[in-house]
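Novice: the following comprises the amino acid sequence and a computationally predicted model.
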Amino acid sequence: MIIACPACATRYVVPDSAIGVDGRTVRCAKCRHSWFQDGPVLERPAPVATPPSPPPPPPPVEAPPPRVEPAEPLDRQATQFDPRPLAQPAAESVAEPEPAPPPAEVPAFADTARNRVDVVYQDSPSSFAHEPPFRPRRNPARLWTAAAVAFALLVAALIGAVSVWGLPDWVPIARPTFGAAEPDLVLEFPPERQDRRTLPNGTEFFGASGTVTNVGQTTHKVPSILIVLRDGRDRIVYTWEVRAPKSALAPGESVTINEAVTDVPRSAKVAEIGWKP
């Protein structure tokens, strides 16, 4: 049968069995419009003329009762046939199917096979659609692109974390003991002003005194100071942080720092003082 889309008037050739007698919902492959297509109209055969019934036969003539004989088996008994010929029923009139229109009348679909394939039925899955029971095809290029984007985001997050909190202690990378030098701040802790001795009660004492001076033309914040004690093998055995009495110094201003700690390791021999990294 031939169906036409009510939206775009595109016609399709489909078999009658695909639509069915009750009809079904179809979708146009060109404009994706859906509609309910009625089934083909079947022509009913003409009613068969019933022949008139023959007149009843005359009553039979009474005859003397026949002699009763033993009954024979069913397969040996004679079958009685009615000698009258049976009335032949009138030939049923069968409607001849209407011939299909020639191809010249439907020039709209020169590619009949393509139009027939593009007819999509909504109530049955298509073998070309990415829907169950078929799995969608994977795109390797898209997967690699997503992986590259995720990796770039991870690297950016790691760089930001390191710039804010620094590297963790377990990373095997050599780190500077002291921070970079401040251009306009002069840190002076002369060795003669460092005191290292053992108190009478046996406690190890260490004290240091120095100054921080702003030699620049602008006010600068004073960072924390780090004091490091090393043993005879140049290994760090003790560190502590010192904060200046003033957090900022004006141009030409100086501040004095005096710090002392106890219970330092006995192996400490050398003291180093610098800016905390």
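Specialist: Yep, that arrived.

Novice: can we go C-alpha only for contacts and neighbour counts from here?
Specialist: Fine.

Novice: hmm, who's touching the strand or helix carrying Asp195?
Specialist: Asp195 belongs to strand 194-198 when assigned by DSSP states H and E. Under the contact criterion CA atoms under 8 Å, 6 or more residues apart in numbering, strand 194-198 has outside partners 204-209.

Novice: for PyMOL, what selects the buried ones among those?
Specialist: Provided next is the PyMOL selection string for whichever of these are buried by 16 or more other CA atoms under 10 Å:
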select buried, resi 204+205+206+208+209
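
Novice: quick one: which of the contacts of strand 194-198 sit in strands?
Specialist: 204-209 (DSSP state E).

Novice: and which of these is nearest Thr256?
Specialist: Each of the ones in strands among the contacts of strand 194-198 was scored against Thr256 by CA to CA, and Ser209 proved nearest at 7.5 Å.

Novice: just checking, the closest one touches Leu187?
Specialist: No - Ser209 is not in contact with Leu187 according to CA atoms under 8 Å; the separation is 10.9 Å.

Novice: which residue ranges of the protein form helices?
Specialist: For the chain, the helices defined by DSSP state H occupy 16-19, 112-118, 140-165.

Novice: give the buried residues for the shortest one.
Specialist: Which is helix 16-19. Quick answer for helix 16-19 (16+ other CA under 10 Å): Ile19.

Novice: pLDDT (mean, whole number) over it?
Specialist: Helix 16-19 comes out with an average pLDDT of 80.

Novice: now the two most distant members of the ones in strands among the contacts of strand 194-198.
Specialist: Glu204 and Ser209 (17.3 Å).

Novice: run through the bridge partners of the nearest residue to Pro190 once chain neighbours are set aside.
Specialist: In space, and not counting its chain neighbours, Pro190 is closest to Gly210: 6.9 Å by CA to CA, 6 or more residues apart in numbering. When bridges are called by DSSP bridges, Gly210 pairs up with Ile257.

Novice: give me the number of residues near Gly210?
Specialist: 17 (other CA atoms under 10 Å).

Novice: quick check, it in contact with Glu259.
Specialist: No - applying CA under 8 Å, one finds Gly210 not in contact with Glu259, separated by 9.0 Å.

Novice: just the strands in the chain please.
Specialist: 2-4, 11-13, 24-27, 34-37, 120-121, 185-188, 194-198, 204-214, 220-221, 225-230, 236-242, 248-249, 254-262, 270-275.

Novice: make TSV from those strands and add mean pLDDT and distance to Gly166 to it.
Specialist: Below are the strands of the chain laid out as TSV (pLDDT from 0 to 100; distance: least, CA to CA, whole Å):
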stretch	mean pLDDT	distance to Gly166
strand 2-4	85	72
strand 11-13	86	71
strand 24-27	86	62
strand 34-37	86	63
strand 120-121	46	62
strand 185-188	91	24
strand 194-198	87	31
strand 204-214	91	26
strand 220-221	91	21
strand 225-230	92	17
strand 236-242	90	18
strand 248-249	92	25
strand 254-262	90	27
strand 270-275	90	16
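
Novice: now the ones in strands among the contacts of strand 194-198 in CSV, with distance to Ala181?
Specialist: Putting those into CSV (distance: CA to CA, whole Å) gives the following:
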residue, distance to Ala181
Glu204, 31
Phe205, 28
Phe206, 25
Gly207, 23
Ala208, 20
Ser209, 19
